[in-house]
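Q: what shape does this take:
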Amino acid sequence: MKLKIQETMDKVIRKNPGEPEFHQAVREVVESLTPFIEKNPKYKEAKIIERMVEPERAVIFRVPWLDDKGEIRINRGYRIQMNSAIGPYKGGIRFHPSVNLSILKFLAFEQVLKNSLTTLPMGGAKGGSDFDPKGKTDNEVMKFCQGFMSELFRHIGPDTDVPAGDIGVGGREIGYMFGQYKKLKNEFTGVLTGKGLEWGGSLIRPEATGYGCVYFVEEMMKTRGDSLKGKVCAVSGSGNVAQYTVEKLLELGAKVVTMSDSDGFIYDKGGIDHKELKCVLDLKNNRRGRIKELTREFKCEYFEKKRPWQVKCDAVFPSATQNEISGEDAKALVKSGCIAIGEGANMPTTPEGISVFQEARILYAPGKAANAGGVATSGLEMSQNSMRLSWTREEVDNRLHNIMIAIHENCVRYGKEGKYIDYVKGANIAGFTKVADAMIAQGLV
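A: Have a look, this model is predicted:
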C-alpha cells in the first residue's frame, strides 16, 4: 500500500515541482483514501485521485495599481478553480505576501473536500494575491481591490465561481471588490460572500468559522461523555476565526487563556473575558494594532515570537495559519494533558503533529471538517441572495449548527475504528465519495 501511495505522490511532485504545501495536502488525503479506493475499484478505474489533484482551471494575472504617492505598484493575482463536480466553484480570496501557487492549490484542494462535507452544492476554489494590506491606507487598498477585480471579474459569477474572504480580506476588501464587479458587469448579483448586511450579506457569516469549529469540537467531546464547559482552551490567532472561536467558547462555559498574532501571544491565566475580547475586536478590526497592546490594560503576559502550545490546557484551537503546530508542539500538548484539537485554520498541524495526536488517541478535528462552518454559511448567504431574502440570526445559526452536526456524523460514519474515531480518515472519505461519484456520473470532464 505504501508503494502505491508513493507512486501517486511521485507523479504529483513531478507535475507540481516546488510546491511543498500542495504536496503535503495531497499526501494527507491520499494516505487516508488509498485503502478505501482499493476496496472500491470504480474510483481507481476512473482515476479520480489523478483528476482531483489537477485544477480544472488556474488563472494568473498581473495587478497594477497606484499608491498614495502616485507610484505604480505591481502585484500578482491568482484564481485556482479546482473542482466544480457538485456545484459552482466556492472558496476564499487571500491577500498576503506569502501567497503563491503552492499555497493556493493546497487551499483549493482542501476546499473541494470541505465544501463537499457541508452537504451544500458547492465546488472548490481559492484565489488571492501577494499584496499585503497591512500598512496600506484605505484608498490604497481600494485601488488594489479595484485593479484585482478588473481581471478577476472575467472568471467568476453567481453560477460559475463565488469567492469569499480569507486572510487579509475582510468586509472592507469584499466591499471594494463587489463595487468594482457591479460597475464592470452592470448587475447586482451574489457574486461574493461576506458582504455587508445592507447589500446582500448574511447574519452570522463573520462568526461562522469560529462558531462552527467550536460546535464540531463539542460534538467530539460528546462521543466521550464530556463537554467544553469548564475546559481550559488555548487559541492561536486574533483575526476573525479566533475572535469568534473565543466568543463561542465563553458562551459554552470554557476558559480561554491565549490569543496571538504574528509577533507573539498573550497568556491570561485567569481567562480572557468578554471585556478583553471586545478590546481584541476593536484592536484588530478597527485600529489594526498588535496583540501585545492588551498588556497595557489587562493582567496578561506576553511572549514575543512564540506560539501558545507550551501552555497547559485541555483543548486547543489553532486559528492562525498553516503548519503552526509542529511535531514537538504536539508532543508538548499531549504531555500537558490536552484532550481535543479543533483546527480553525487550514492545515495548521504538520504531518508529524497529526501523527502524534492520532497515536495518543486524542480527539483531533482536521480543518476541512472543523472549519467548514465558514464556507457553509457562505453557501447559506448564496441561497439567501438567490431567493432575494434575509434569514434571522437565530435561523442562520441554527442551520450552521445542524450542518456541523451532520459533518461530524459523516466523519464518524467513515472514520470509526472500534472505540476510536479517526476524523482525518472520516472527513477525507466522506468528502471524497460525494465529489467522486459526481465526477463519474458526469463523464470525462
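Q: any regions of this protein where pLDDT drops low?
A: 1-3 (pLDDT under 70).
Q: what about the lengthiest strand in it, distance to the chain center?
A: Longest strand of the chain, by residue count under DSSP state E: strand 72-83. Distance of strand 72-83 from the chain centroid (CA atoms, centre = their mean, to the nearest Å) equals 19 Å.
Q: ok, that strand: who's next to it in the sheet?
A: Counting by DSSP bridges, the strands paired with strand 72-83 are strand 57-66 (antiparallel), strand 124-129 (antiparallel).
Q: make TSV from those and add mean neighbour count to it.
A: For every residue, glycine as well, the C-beta is placed using N, CA and C. TSV is the format used below for the strands paired with strand 72-83 (neighbours: other CB atoms under 10 Å):
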stretch	mean neighbour count
strand 57-66	15
strand 124-129	30
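Q: before we move on, back to that, take the longest strand of the chain, keep the C-alpha atoms, and write them as PDB.
A: Taking C-alpha atoms only, strand 72-83 is exported to PDB below (Å, rounded to 0.1, in the frame of the first residue of the first chain):
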ATOM      1  CA  ILE A  72       2.800  52.400  -9.800                       C
ATOM      2  CA  ARG A  73       2.900  49.100  -7.900                       C
ATOM      3  CA  ILE A  74       2.500  45.700  -9.400                       C
ATOM      4  CA  ASN A  75       1.300  42.500  -7.700                       C
ATOM      5  CA  ARG A  76       0.300  39.100  -8.900                       C
ATOM      6  CA  GLY A  77      -3.300  37.800  -8.800                       C
ATOM      7  CA  TYR A  78      -4.500  34.200  -8.800                       C
ATOM      8  CA  ARG A  79      -7.700  32.100  -9.000                       C
ATOM      9  CA  ILE A  80      -7.400  28.300  -8.800                       C
ATOM     10  CA  GLN A  81     -10.700  26.700  -9.900                       C
ATOM     11  CA  MET A  82     -10.100  23.200  -8.600                       C
ATOM     12  CA  ASN A  83     -13.400  21.200  -9.000                       C
END
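Q: beyond that strand, next helix or strand please.
A: strand 89-95 (DSSP states H and E).
Q: could I get the CA-only coordinates of that next one as PDB?
A: Coordinates of the C-alpha atoms in strand 89-95 are reproduced here as PDB (Å, rounded to 0.1, in the frame of the first residue of the first chain):
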ATOM      1  CA  TYR A  89     -16.600  27.000  -7.500                       C
ATOM      2  CA  LYS A  90     -16.500  28.400  -4.000                       C
ATOM      3  CA  GLY A  91     -13.600  29.500  -1.900                       C
ATOM      4  CA  GLY A  92     -11.900  32.500  -0.400                       C
ATOM      5  CA  ILE A  93      -9.500  35.200  -1.600                       C
ATOM      6  CA  ARG A  94      -6.300  35.700   0.400                       C
ATOM      7  CA  PHE A  95      -4.100  38.900   0.400                       C
END
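Q: could you check the angle that strand makes with strand 72-83?
A: 150 degrees (axes from the mean of the first three to the mean of the last three CA atoms, to 10 degrees).
Q: and for strand 89-95, what are the contacting residues?
A: Strand 89-95 is contacted from outside by 81-83, 103-104, 107-108, 111, 115, 122-129, 131-133, 156, 160-169, 173, 177, 375, 378-379, 382, using CB atoms under 8 Å, 6 or more residues apart in numbering.
Q: those in strands, which ones?
A: Among the contacts of strand 89-95, the ones falling in strands (DSSP E) are 81-83, 124-129, 161-164.
Q: in this structure residue 416 contacts residue 426, no?
A: Yes. Counting by CB atoms under 8 Å, residue 416 sits close enough to residue 426 to count as a contact (7.4 Å).
Q: more neighbours: which of the two?
A: residue 426 (25 against 15; other CB atoms under 10 Å).
Q: which ones are touching the more buried one?
A: 369, 410-416.
Q: how does the protein divide up, domain by domain?
A: 2-52, 57-187, 208-369 (automatic domain parsing).
Q: so which of these gets nearest residue 392?
A: Of all the domains of the chain, domain 208-369 sits nearest to residue 392, with 14.9 Å by CB to CB.
Q: chain center to that closest one: distance?
A: Per CA atoms, centre = their mean, the centroid offset for domain 208-369 relative to its chain is 15 Å.
Q: all good on my end, thank you.
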